[in-house]
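A.B. asks: just the structure for this:
(2 chains)
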Amino acid sequence: MSSMTDAPKEPFRLSMLIYDSRFRAITIQVVALIAFIAGVAWIVNNTIQNLEALGKTPDFGFLLKPAGYDINQRLIEYNSQMTHARAAFVGLLNTLLVAALGCALATIIGIFVGVLRLSKNWLVGRLMTVYVETLRNVPVLLWIVFLMAIISEVPPKPADFRSGKAQMLFDSIAITNRGIYIPEPLFSRSLGDITVLKGVLNDSFYFSISLDLIVLLAVFLGGLIISGLIKRRADRIQEATGERPTTWYLRLGVVILPTLIVLYLLGFHLGFPQLKGFNFKGGIHLRNSFVALWIALSLYTAAFIAEIVRSGIMAISKGQTEAAAALGLRSGKIMSLVILPQALRIIIPPLISQYLNLTKNTSLAIAVGYMDITGTLGGITLNQTGRELECILLLMLIYLTISLSISSVMNWYNERVKLMER
Amino acid sequence: MKKTVFFGALAVAGMAAGVAAAGTLDDVKARGKLNCGVSTGLVGFAAPDANGNWEGFDVGVCRAVAAAVLGDPTAIEFVPTTGKTRFTALASGEVDMLARNTTWTFTRDVDLKFEFVGINYYDGQGFMVPKSLGVTSAKELDGATICIQTGTTTELNLADFFRANNMTYEPVPIETNAEAQQQYLAGACDVLTTDASGLAATRASFENPQDHIILPEIISKEPLGPLVRHGDQQWGDLVRWTLNALISAEELGITSANIDELAKGTKNPEINRILGTEGDLGGMLGLDKQWAYRAIKTGGNYGELFEKNIGENTPIGLARGLNAQWKDGGLIYSPPFR
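C.D. replies: Have a look, this model is predicted:
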């Protein structure tokens, strides 16, 4: 009836894609996207063509061929007759080991230093400042090489232990210039292992899980759960009567006693390192390369974590502390109940980046010959097979997966502790 | 605009890569410089002297090629490569040839697509230990800690040797020879293993060489030689015959001292063909007639290079052994220049 209210509709013309501000933004984006995809396609195509010209078509078949080289540090069974994929897996586990231990140690040192740096004690505060500033202002590669040089030059050679020039610590720990040997846990009535993925892809990815460890962990966790139940009962009684029953010996007992009994049943004993032939045998061998990499990465990252912790604590207003003190809380309780829960919200996001940094920095292992994934897949395998592109692509994919896993776990944790908004 | 420049640069880079694969000889001539991949420093084979000039047995081959192609033995860009970076450097065109005590193996030749142009040193893998260890045979090394350079054939030989003899060992992987030396001297490993010639060269640079012995076992064949990329036959031929010219020169008695005399013409037709006074072998390679004359004149013939850099009168003190001319009971043998 009446089309008076509507403005006369313009028919769509092609020029509107450029001159009409409603369409222009979309036009630009579409054009940019097409150009981008074309660019990427061109690069990929060019790479493939050039590789073909060199006679190197991408092929991952080499991964299932025998590797032919040995690896000194292996958390799973490995020998030179196993596949390149197996060697890469050994390297991956070495990477994960140093990354996990590194993150743990860096967090402990970092929190310690961060809190101490806020200390009112002038000397302690300044010492921590010196620690943070020296560690984080020198490239981590230098720290790794420096530590490696120290621990391969300073400690005695294994032969010195034979001639009596050097002594083992408590007759159980040997610090040599080839690494540190510590006692290992052994079970004389072991339950054996479960082997997983045997026979898959030329035995590339099988590994064994010790049943002893599973049982031990299960008993320990069970103890913790029972201990939690005891605590809840104590809480109930306290709420009902105002009297809190003494439960610490019960709670300690249910965790420790069953664990000790299982350890005894399994025949737990320590295997001590002993000098045999050229080297120490038995015990756990912490190689120089591992120790240097682990300690250097931890100390370096700890300096950053210390700053993050300090900033987190300082971000909580002083009023919170004063208010808590006014309620009669002691300073330890103030820290753990009031300040830290709030500080954690600020600390965690930058902490994730530090964990990611540390994990990626483990690839510096190459400098000290630690056989991580970069050393095996991206080092010897790459070199012996000449498959640069395939190896590097796989490496990137693996690091990406590790990093994304770490950040998703940490983000989940962050979700849990962050401020609940109602 | 920026993007255009970026893609333009990419396109140029892509085209450059394409050209590099085509004609290495034209490339080298246009550049006026030979890019030669050498080791990061192995005294006697390839190491810079006090003035920063590279010298050594392998460097001699580079210089001969540069002299043959460009007429100037110093027109070389030496690219130090580690055991790990060398093949990537060659495959990518970063260097035109590798003269870097590299072992000729089936997989490197066939699978990695390289062209070994000959053998300039017949070697084998050996072990060096401190005398104080009291070891006299490699069979006594069960449980030893062994320093190896990663990315080398030695790594694979070592694994095979210990497996075959049912022994265990602890490998300490190391990137460069210098690092291996430092770790070995610090006692972080009991044994240093690499090609026997490399061990001799390394030992020569120690403060007290007499405190270390090289065990009698040689556990592998390591024919070392220069190599080029697969697919450029002309360039491969050129490097091959430059090496052969050096070897033939020794056999025929052409030395850097008498070469000018011989170049005036001799009664021996093969010498004449090599030195360009008869026939035109150089033209077939895409070079001039004087190419071999310049190559030999630069550092002398094969024997002269050997004696000057690694021979018995040098600190490295290697005997000719397998590397003597075939006439003298060795394996060094060049096909005829005809």
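A.B. asks: part of a helix, is B:Asn272?
C.D. replies: Yes. Under DSSP: H, G, I helix; E, B strand; the rest coil, B:Asn272 falls within a helix.
A.B. asks: that one - how many residues pack around it?
C.D. replies: Per other CB atoms under 10 Å in any protein chain shown, the neighbour tally for B:Asn272 reads 17. Quick note: C-beta positions are derived from backbone N, CA and C, even for glycine.
A.B. asks: what about the spatially closest residue to it that is not a sequence neighbour, which SS state?
C.D. replies: Among residues not flanking B:Asn272 along the chain, B:Glu278 sits closest, at 3.7 Å (CB to CB, 6 or more residues apart in numbering or on different chains). At B:Glu278 the chain is in coil, as set by three-state DSSP.
A.B. asks: give me the low-pLDDT residue ranges for the stretch 1-150 of chain A?
C.D. replies: Applying pLDDT under 70 to the stretch 1-150 of chain A flags residues A:1-9, A:54-55.
A.B. asks: please, where are all the strands along the stretch 151-300 of chain A?
C.D. replies: A:174-176, A:179-182, A:184-187, A:193-196, A:207-210, A:268-271, A:274-276, A:279-281, A:284-287 (DSSP state E, counting those that start in this stretch).
A.B. asks: redo those strands as a markdown table? Include mean neighbour count.
C.D. replies: Converted to a markdown table, these look like this (neighbours: other CB atoms under 10 Å in any protein chain shown):
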| stretch | mean neighbour count |
| --- | --- |
| strand A:174-176 | 24 |
| strand A:179-182 | 23 |
| strand A:184-187 | 15 |
| strand A:193-196 | 12 |
| strand A:207-210 | 13 |
| strand A:268-271 | 14 |
| strand A:274-276 | 14 |
| strand A:279-281 | 19 |
| strand A:284-287 | 18 |
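A.B. asks: closest one to A:Leu344 among those?
C.D. replies: strand A:284-287 (32.0 Å; CB to CB).
A.B. asks: packing partners for the closest one?
C.D. replies: With contacts taken as 3 or more CB pairs under 8 Å, 6 or more residues apart in numbering or on different chains; DSSP states H and E, strand A:284-287 sits against strand A:179-182.
A.B. asks: go ahead and name everything in contact with the strand it packs on.
C.D. replies: A:172-174, A:273, A:280, A:282-288, A:290-291 (CB atoms under 8 Å, 6 or more residues apart in numbering or on different chains).
A.B. asks: name the nearest of those residues relative to chain B.
C.D. replies: When these are compared for distance to chain B (CB to the nearest CB), A:Asn288 wins out at 6.7 Å.
A.B. asks: any idea how far that closest one is from A:Ile109?
C.D. replies: Distance of A:Asn288 to A:Ile109, given as CB to CB, to the nearest Å: 21 Å.
A.B. asks: compare these two (neighbour count), which wins?
C.D. replies: A direct count of neighbours by other CB under 10 Å for A:Asn288 and A:Ile109 places A:Asn288 higher, at 26 against 19.
A.B. asks: contact partners for the more buried one?
C.D. replies: A:Met148, A:Ile151, A:Ser152, A:Asn177, A:Arg178, A:Gly179, A:Val368, B:Ala188.
A.B. asks: so the residue nearest to the third one when sequence neighbours are not counted: helix, strand or coil?
C.D. replies: So the one you mean is A:Ser152. Distances taken as CB to CB, 6+ apart put B:Ala188 closest to A:Ser152, at 4.4 Å, once the chain neighbours are dropped. Three-state call for B:Ala188 (three-state DSSP): coil.
A.B. asks: tally of neighbours for B:Ala188?
C.D. replies: 24.
A.B. asks: then A:Ser152?
C.D. replies: So A:Ser152, with other CB under 10 Å, has 23 neighbours.
A.B. asks: same question, A:Ser172
C.D. replies: Other residues close to A:Ser172 by other CB under 10 Å number 14.
A.B. asks: any idea how far B:Ile259 lies from B:Gly265?
C.D. replies: For B:Ile259, the distance to B:Gly265 - CB to CB - is 13 Å.
A.B. asks: need the strands of the stretch 151-300 of chain A in CSV with mean pLDDT, can you?
C.D. replies: Converted to CSV, the strands of the stretch 151-300 of chain A look like this (pLDDT from 0 to 100):
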stretch, mean pLDDT
strand A:174-176, 89
strand A:179-182, 90
strand A:184-187, 87
strand A:193-196, 84
strand A:207-210, 86
strand A:268-271, 86
strand A:274-276, 84
strand A:279-281, 85
strand A:284-287, 91
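A.B. asks: if we can go back for a sec, give me the pLDDT for the residue nearest to B:Asn272.
C.D. replies: Note for B:Glu278: predicted pLDDT of 88.
A.B. asks: quickly note the distance from it to B:Phe337.
C.D. replies: Taking CB to CB, one finds B:Glu278 at 10 Å from B:Phe337.
A.B. asks: who's more crowded, these two?
C.D. replies: More neighbours surround B:Phe337 than the other of B:Glu278 and B:Phe337, with 19 against 16 (other CB under 10 Å).
A.B. asks: tell me the domain ranges of chain B?
C.D. replies: According to automatic domain parsing, chain B comprises the domains B:23-122+B:224-328, B:125-220.
A.B. asks: mean confidence score for the shortest one?
C.D. replies: This points to domain B:125-220. Computed over domain B:125-220, the average pLDDT equals 89.
A.B. asks: just how off-centre is it within its chain?
C.D. replies: Chain-centre distance of domain B:125-220: 21 Å, with CA atoms, centre = their mean, to the nearest Å.
A.B. asks: the first one now?
C.D. replies: Its chain's C-alpha centre and that of domain B:23-122+B:224-328 lie 8 Å apart, by CA atoms, centre = their mean.
A.B. asks: do I have it right that B:Gly44 meets B:Asn313?
C.D. replies: No. If you go by CB atoms under 8 Å, B:Gly44 and B:Asn313 don't touch, sitting 12.0 Å apart.
A.B. asks: looking at those two now, which is surrounded by more residues?
C.D. replies: Using other CB under 10 Å, the more surrounded residue of B:Gly44 and B:Asn313 is B:Gly44, with 26 against 8.
A.B. asks: would you say the more buried one is within a strand?
C.D. replies: No. Counting by three-state DSSP, one finds B:Gly44 to be coil, located in no strand.
A.B. asks: in contact with it, which residues?
C.D. replies: If you count contacts by CB under 8 Å, 6+ apart, then B:Gly44 has B:Gly56, B:Phe57, B:Ser197, B:Ala200, B:Ala201, B:Ala204, B:Asn309, B:Ile310, B:Thr314, B:Pro315, B:Ile316, B:Leu318 around it.
A.B. asks: just the ones of the residues you listed in helices?
C.D. replies: B:Phe57, B:Ser197, B:Ala200, B:Ala201, B:Ala204, B:Asn309 (DSSP state H).
A.B. asks: what residues does the stretch 101-250 of chain B put near chain A?
C.D. replies: Within the stretch 101-250 of chain B, the residues that sit near chain A (CB under 8 Å from any CB of the partner chain) are B:107-108, B:111-113, B:141-145, B:150-151, B:155-156, B:158-160, B:162-163, B:169-175, B:183, B:186-190, B:229-231.
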